[in-house]
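> Just need the structure, nothing else, for what follows:
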Amino acid sequence: MKPYHYRFEKVLAYREQEKNETEGEYKIAVDEFETVATELYDLLKKKEDVLIEQQEKMKTGFSITDIHHYARFINSLEKRIENLQPLVMKARSKMVWYENKLLEKTIEVKKYEKMKEKDLNRYRFEFEQSEANRLDELSTQQFTRKENGW
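This next block holds a predicted model:
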């Protein structure tokens with residue numbers, strides 16, 4: 001009997017390659033999201049810290065110039081935050097899109113792997129059947145030879 005060969009081996013290899021490429025793109029999207037989200041978090045944290053610092057200084061009193069300085073600084077932080085929020089949303093949606101695409105590719109590969117497993121089991125069963133038939137035929141021939149005196 002000829003050695004086992006899966007008829008969709010090239011398709012499976014292609015699907016695995018697609019999945020691996022998508023996985024790489026997903027990791028890049030996750031890294032981009034983490035970078036932008038971390039930057040946004042840092043800005044929000046800095047704004048919170050500045051507001052707390054400003055409140056503390058208000059209790060003890062400080063100059064109008066310092067008040068204007070804090071106001072301008074907080075406004076610049078808020079503008080940067082407003083500019084980053086759409087970028088974070090865009091990066092998040094890109095990451096989710098690649099996650100869904102990766103899930104689809106993974107499912108597709110699993111289907112072909114399952115088909116390969118079933119095909120291999122069928123091949124093994126047929127091989128075992130042919131081996132059993134061959135052994136039966138050999139034992140029948142041996143029995144016939146003994147009966148005929150060969």
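> Quick one: the helices in the chain, in order.
9-60, 64-148 (DSSP state H).
> Indicate which one of the ones you listed is closest to residue 2.
Closest approach to residue 2 among the helices of the chain is made by helix 64-148 (9.8 Å; CB to CB). Placement of C-beta: from N, CA and C, glycine included.
> re the thing from before, wait, which of the helices of the chain is closest to residue 3?
Comparing these by CB to CB, helix 64-148 comes nearest, at 9.5 Å.
> the inter-axis angle of that closest one versus helix 9-60?
160 degrees (axes from the mean of the first three to the mean of the last three CA atoms, to 10 degrees).
> average pLDDT for helix 64-148?
Averaging pLDDT along helix 64-148 yields 93.
> Over to stretch 4-21?
94.
> Give me the contacts around it.
102, 105-106, 108-109, 112-113, 115-116, 119-120, 123 (CB atoms under 8 Å, 6 or more residues apart in numbering).
> ok, 10 Å please
101-102, 104-113, 115-117, 119-120, 123-124, 127 (CB atoms under 10 Å, 6 or more residues apart in numbering).
> Same check on stretch 46-54?
62, 66-67, 69-71, 73-74, 76-78, 80-81.
> can you list the helices of the chain in TSV and add mean neighbour count?
Output for the helices of the chain, formatted as TSV (neighbours: other CB atoms under 10 Å):
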stretch	mean neighbour count
helix 9-60	14
helix 64-148	13
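> Distance to residue 3 added to these, as a markdown table?
Below are the helices of the chain laid out as a markdown table (distance: least, CB to CB, whole Å):
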| stretch | distance to residue 3 |
| --- | --- |
| helix 9-60 | 13 |
| helix 64-148 | 10 |
